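Asks: Need a 3D model of the sequence below.
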Amino acid sequence: MSTHPQKNIRYFWEDLPVGTTVEMGSITVDRDEVIAFASRYDPQPFHLDDEAAAQSMFGKLAASGWHTCAMAMGLMVRNFLHESASLGSPGLEQLKWLKPVYPGDVLTLRQRIVESRPMKSRPDVGLTRALWEMFNQHGEQVLLMDGYGMFRRRAPGAQDSDAQNG
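Replies: Next up, the predicted model:
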């Protein structure tokens, strides 16, 4: 297991003001991965079997919403968090699966910062609230996650009066 090198940090809390939008890249949904993920973590018939899926509201094999979240997290880590001073997340406000995700779909993730403030209890840490929005190849939004991230501050205390809330 590797960790990101500290010398390659591109994003500290100060680099993530309200309005910052970061494109996280794309991933193609793989059929074998849909079935493997579902077999292990969400073994509902419409995630595992074509015939059962055809009889479901999805009409065909569909990825688990949790698999969609995992794909979003993979994009987030590879294309943003590895270059950030991330300290983890205290949680989500909401999670919505807006449209089914199918094998062969190409999903694109975008993060938009909607709130940013220093943490009162930890002056060396800033808290952001971000919307993660994932779209399929047709431009249809399939996922919305609204949650928080904690980031190390480059200059603790320097911008407390400039903190932004959106």
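Asks: what about this protein, any weak spots by pLDDT?
Replies: Low-confidence segments of the chain (pLDDT under 70): 1-7, 157-166.
Asks: and the top helix by length along the chain, how far from the chain's centre?
Replies: In the chain, with assignment by DSSP state H, the single longest helix is helix 65-79. For helix 65-79, the separation from the chain centroid amounts to 6 Å (computed by CA atoms, centre = their mean, to the nearest Å).
Asks: so what does it touch, helix or strand wise?
Replies: Using 3 or more CB pairs under 8 Å, 6 or more residues apart in numbering; DSSP states H and E, the elements in contact with helix 65-79 are strand 21-28, helix 31-41, strand 92-97, strand 106-118, strand 125-135, strand 141-152. From N, CA and C alone the C-beta is placed, and that goes for glycine too.
Asks: got a list of what the closest residue to Glu33 other than its chain neighbours touches?
Replies: Nearest residue to Glu33 in three dimensions, chain neighbours excluded: His67, at 7.5 Å (CB to CB, 6 or more residues apart in numbering). His67 makes contact with 33-34, 37-38, 41-42, 47, 101 under the criterion CB atoms under 8 Å, 6 or more residues apart in numbering.
Asks: doesn't Arg153 make contact with Val125?
Replies: Yes. Val125 is within contact range of Arg153, at 6.4 Å (criterion: CB atoms under 8 Å).
Asks: Return every residue with contacts to both of the two.
Replies: With CB under 8 Å, 6+ apart as the test, Val125 and Arg153 both reach 13, 118.
Asks: which of the two has more neighbours?
Replies: Between Val125 and Arg153, counted using other CB atoms under 10 Å, the more crowded position is Arg153 (20 against 17).
Asks: I'd like to know how far the more buried one sits from Leu16.
Replies: As judged by CB to CB, to the nearest Å, Arg153 and Leu16 stand 11 Å apart.
Asks: on that earlier part again, report the inter-axis angle for the longest helix of the chain versus strand 92-97.
Replies: Angle of helix 65-79 versus strand 92-97, following axes from the mean of the first three to the mean of the last three CA atoms, to 10 degrees, is 120 degrees.
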